[in-house]
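1. dropping the sequence and predicted coords here.
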Amino acid sequence: MTQLRITGGAIHDPANGIDGDVRDICIDGGRIVASLPADAPVLRANGMVVMAGGIDMHAHVASSSVTLGRRLLPEEHTLDPTPAPAFEDGTIPRSGSGGTIPSTFTTGYRYAGLGYTTVFDAAVAPVSARQTHAEFDDTPIIDGGFFALLGNDDYLHRQIAANEPSRARDYAAWILESTGGYAIKIVNPGGVELWKRNVREVKTLDDPVGASSVTPRRILEVLADASIELGLPHPTHIHCNNLGVAGNVAMTLDTMRALEGRRAHFTHLQFHSYGGERGKSWSSAARQIAEYVNGHPEITGDVGQVMFGDATTLTADGAVEYLLHMSTGKKWINSDIELETGCGVVPYSYREKAAISSLQWVIGLELFLLSADPWRMVLSTDHPNGGSFMSYPDLIRLLMDRAYRDEKLKSVNQKMLAGSALADGITREYTLNEIAIITRAGPARQLGLTHKGHLGVGADADITIYSRDADYAKMFATPRFVLKAGTLVVEEGQLRRAPSGRRIYVRPGYDHALLRDLGKYFESYSSVQLANYPVTGLRDAPVPTGAG
Amino acid sequence: MSGSARVVENAVCLGCGCACDDIGVVVEGGRIVEARNACALGLRWFGDGSLPGAVLGGRSNAIEDVVGEIAELLHSARAPLVYLAPDLTSEAQRAAVAIADQLHGFVDGVTSATASAGILAAQRRGRAGATLGEIRNRADVLVFWAVDPARSYPRFQSRYAPDPAGVHVPNGRADRTVIAVDVGSQRGPDDADVRIQMTAEEESLFLASLRGYLAGRTLGGASIVARVTELAARLNRARYAVIVTDAESVPEDVATPARRADSLIALTQSLNAATRGSLCALRAGGNRNGADTVLTWQTGFPMAVDFSRGAPRYTPEDAALSRLARGAFDAVLLVGATNALPDAVASAIQGVRTIAIGPRASESAVHASIRIDTGVASIHESGLAFRTDDIPLPLRAVLPTPRDTASLLGALGVALAAKGAVA
């Protein structure tokens, strides 16, 4: 592993309180070190901006569902062929295709080309975790991890019905160990199981899911507590009930209140911040959500911004996708998965001329601009749901450049924007350090990744160096240099090397007494042998868990 | 079982797409002597596990030299085809697709010859699907559409549905209604509760009429409408209806599978307006689904991928078979079990310079100038494979492989890389 001293750049490292100071960054053995011999090689970054590598904490990039989506979209891939790059490190370069869900190699190359070096897949069906690992193996450069879907799992619901929260916790731990997952994910708690039973709406957190004691509220409580008791680095990651439905802000706030005082992460909040009334009217409720999050330091969120253009909606929330299929007439995949979870896919397009798209776009920006603490409200488009990760640079410009934002605002459909905070005028512009927070330092802190998202001694040498440009979209779209674990992967804006990424996962441990009961359950109901369930042979060391 | 025997539990059978993973393989004296739980088809697929280990046709007997020779041959080809036959691990499939990419060649496999109708229909419409475990635990109405799993998917009924008890069907078979739809000579299961029959010529109209009926329209004559009404009523009364179809078809009759696949997808999707419904499209064995899945994540397309312009292009209307037929390739790298090739492909390869890498390549009737024996996925080679419903399963080799296919293809990829970019 080579040594390198980066000199002359303005360092934006908010985790270490550094805001644009010019100083050296020293790299040795893939990590940042305090100093290097005077004759170590130098990378001159004079006049440039230096940040840690970007971290996407919520995207859909490597899973059975993602590949169902890929298979659905040959027309997109046909329009965006991506020839193999030319590499200098002997790595065999691979061609691929882009669109809203690029092929695996192209996904790795494009993230790295944007200066992102760590990506989490936000929704993996535990039974298909093996596929996620195989896809990550074919997704170069980026370090990858994933969240395991648990909120609609039949065995988990049985433990809740039997009032066995400690067994539920052990099961959650077993799922993480067996899958090589990083955190517990809940999608539409109880609602996916209800969709399989042809119940299409969750009206309250106390709706029964089969047994009367199994409710969205109990699922949320039990799994939020499980993450806390297991000492997981990232709290339970929650996609609330009623995504995309007018008036869902009430459900979102109920969910947040149900977990008050507990650590929890609420994801793609834009899709859960709608006022108005189902079937009648829509409005922005971003202010209510932002105010709640501002007042509750125990919770974090990501935005799930909508960006105009093509997207693919892809979620474990199968019921939502049926509605979208019916309302748009677009092609539709549903997959009900092994008493564990579900999956739906529908291609979609957000258009400036469309009233709801425009409202969604505004709500996302409001969540960014009304959130007092950028550490707790980070950047995502829920790729590819709100738009591709390739749109992040334009999103950054919208946050940093008020004139650009206001101009853009004028061009969108105004029908539903009356009374929205953005329409009334928000002057806030994000600073470079705030951008560094919402794209790397904040996600790292929320994920509990102590070696990432900053440039202090001991951190992974994942570093992105930008040339300054008044057009922030241009600046962030084409980093001048990107280092991954100390290897220069992008040089002078060109992808030059593609080392393999690492896997980020936990092994929290569980009471093995679980296995007797679980074995009986598998024998009675599973289509996969218990012995064939766990993923084995992960190379990299797990991230430590526990209170200590 | 003698003292020297050992048992490998939870082995995965790739005899068909059901990929039963509860097989106890008994090995004695380097041979498989028993495959517990396996059906007749599975027993045939496992066999005794014996394999040749030859390397034939190379200028040298040393495998490294032969790999170099193959690299030379493929690198100098103007239009090479990489063809994925069955019985490969997904690791080997990944390595094979990588080679096609490096070569700027064409990659395809058995899927385009036998199962493209369903894939293309699902690309037009999407699909409403469910994994086999979900079907086992939830389906209360099962329609076997022109397929009797007893023939080609022998344990489907006992292992997935209708026989086993499930969470939402605690009494198993007794809680389910089984409907056989016979289309001409393609019959559903003999022990169905309800049987609906039609001629092959009637099928399209029947499906259109059924879809119309579910949408509130009447279509077709009285005879068809009577049968449609009966089936529609049962589907609408279902809590969770599953239509089972055979995704594999013979290439000679392209029109029928395409119409059927399209209509069954639309039908099952529309069932979800009133109740819940899914389509279960059965694929044959040898990890065929794995080839489509790997191709999709690596290129964006599940079959018939042309890299000749340096990036993947999708040509399902002009797949390997039609290209072979008009002599479009000057070299073929055939990987996997050559004995499972569709006849049309095997005969079309005649006359093209072919390299065969796979189990029993040395004994294959397929014309090939260089032949390298490797192992069978799940019998001799460990790795990953996909069930017919896309569920990934771990494969544990029960016997040693003559040489690991994925490693060999990886070495070939490195040898190709050393030769530099293809012009």
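-> Cool, got the structure.
2. tell me which parts of the stretch 401-548 of chain A are close to chain B?
-> The stretch 401-548 of chain A comes close to chain B at residues A:S524, A:Y525, A:S526, A:S527, A:V528, A:Q529, A:A531, A:N532, A:V535, A:T536, as judged by CB under 8 Å from any CB of the partner chain. To be clear about C-beta, it is placed using only N, CA and C from the backbone, and glycine gets the same treatment.
3. helix or strand for the last one, which one?
-> It stands for A:T536. Using DSSP states H and E, A:T536 falls within no helix or strand.
4. ok, back up a step: in the residues of the stretch 401-548 of chain A next to chain B, which has the lowest confidence score?
-> Ranked by pLDDT, these bottom out at A:T536 (94).
5. all the strands of the stretch 251-400 of chain B, in order from the start?
-> Along the stretch 251-400 of chain B, the segments classed as strands by DSSP state E, counting those that start in this stretch run B:276-282, B:305-306, B:313-314, B:331-335, B:354-358, B:370-373, B:383-386, B:392-395.
6. hmm, I typed the wrong one, I wanted the stretch 1-150 of chain A.
-> A:4-7, A:10-13, A:18-22, A:25-28, A:31-33, A:42-44, A:48-52, A:54-59, A:81-82, A:96-97, A:116-124, A:143-149.
7. reformat these as JSON lines; add mean neighbour count, mean pLDDT and distance to B:D318.
-> Formatted as JSON lines, the strands of the stretch 1-150 of chain A follow (neighbours: other CB atoms under 10 Å in any protein chain shown; pLDDT from 0 to 100; distance: least, CB to CB, whole Å):
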{"stretch": "strand A:4-7", "mean neighbour count": "20", "mean pLDDT": "98", "distance to B:D318": "49"}
{"stretch": "strand A:10-13", "mean neighbour count": "23", "mean pLDDT": "98", "distance to B:D318": "52"}
{"stretch": "strand A:18-22", "mean neighbour count": "14", "mean pLDDT": "98", "distance to B:D318": "57"}
{"stretch": "strand A:25-28", "mean neighbour count": "23", "mean pLDDT": "98", "distance to B:D318": "50"}
{"stretch": "strand A:31-33", "mean neighbour count": "19", "mean pLDDT": "98", "distance to B:D318": "51"}
{"stretch": "strand A:42-44", "mean neighbour count": "15", "mean pLDDT": "98", "distance to B:D318": "49"}
{"stretch": "strand A:48-52", "mean neighbour count": "26", "mean pLDDT": "98", "distance to B:D318": "47"}
{"stretch": "strand A:54-59", "mean neighbour count": "27", "mean pLDDT": "98", "distance to B:D318": "35"}
{"stretch": "strand A:81-82", "mean neighbour count": "21", "mean pLDDT": "98", "distance to B:D318": "17"}
{"stretch": "strand A:96-97", "mean neighbour count": "28", "mean pLDDT": "98", "distance to B:D318": "18"}
{"stretch": "strand A:116-124", "mean neighbour count": "28", "mean pLDDT": "98", "distance to B:D318": "34"}
{"stretch": "strand A:143-149", "mean neighbour count": "27", "mean pLDDT": "98", "distance to B:D318": "36"}
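8. closest one to B:G351 among these?
-> strand A:81-82 (31.4 Å; CB to CB).
9. on contacts alone, who are the packing partners of the closest one?
-> Packing partners of strand A:81-82 (3 or more CB pairs under 8 Å, 6 or more residues apart in numbering or on different chains; DSSP states H and E): strand A:96-97.
10. where does the stretch 301-423 of chain B get nearest to chain A, which residue?
-> When scored by CB to the nearest CB, the stretch 301-423 of chain B has B:A311 as its residue closest to chain A, at 3.5 Å.
11. tell me, how many residues neighbour residue 37?
-> Assuming you mean chain A. By other CB atoms under 10 Å in any protein chain shown, 9 other residues sit near A:P37.
12. think we crossed wires, I meant chain B
-> With other CB under 10 Å as criterion, B:N37 counts 15.
13. and it, what is it in contact with?
-> Taking CB atoms under 8 Å, 6 or more residues apart in numbering or on different chains, we find B:N37 in contact with B:C20, B:D22, B:I23, B:G24.
14. the second one contacts B:N10, correct?
-> Think B:D22. Yes: B:D22 lies in contact with B:N10 (CB atoms under 8 Å); the separation is 6.4 Å.
15. so, low pLDDT: which residues of chain A?
-> A:1, A:547-548 (pLDDT under 70).
16. what does the stretch 51-200 of chain B put close to chain A?
-> Contact residues, the stretch 51-200 of chain B versus chain A (CB under 8 Å from any CB): B:90, B:94, B:98, B:101-102, B:119, B:122-134, B:136-138, B:159-160, B:165-168.
17. next step: those residues restricted to strands.
-> Counting by DSSP state E, these place B:G126, B:R127, B:A128, B:G129, B:A130 in strands.
18. what's the most distant pair in those residues?
-> B:G126 and B:A130 (13.9 Å).
19. around chain A, pick out the residues from the stretch 251-400 of chain B.
-> When proximity is defined as CB under 8 Å from any CB, the stretch 251-400 of chain B approaches chain A at B:269, B:272-273, B:275-276, B:278, B:292-293, B:296-302, B:307, B:309-314, B:384, B:386, B:390-394.
20. write the PyMOL selection for whichever of these are buried.
-> Here is the PyMOL selection string for the buried members of these, based on 16 or more other CB atoms under 10 Å in any protein chain shown:
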select buried, chain B and resi 269+272+275+276+278+292+293+296+297+298+299+300+301+302+307+311+312+313+314+384+386+390+391+392+393+394
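21. okay, now the unreliable bits of the stretch 101-250 of chain B?
-> Across the stretch 101-250 of chain B, the ranges flagged by pLDDT under 70 are B:250.
22. ok, the closest residue to chain A within it to B:R323 distance?
-> Across the stretch 101-250 of chain B, the shortest distance to chain A (CB to the nearest CB) belongs to B:G133, at 3.5 Å. For B:G133, the distance to B:R323 (CB to CB, to the nearest Å) stands at 39 Å.
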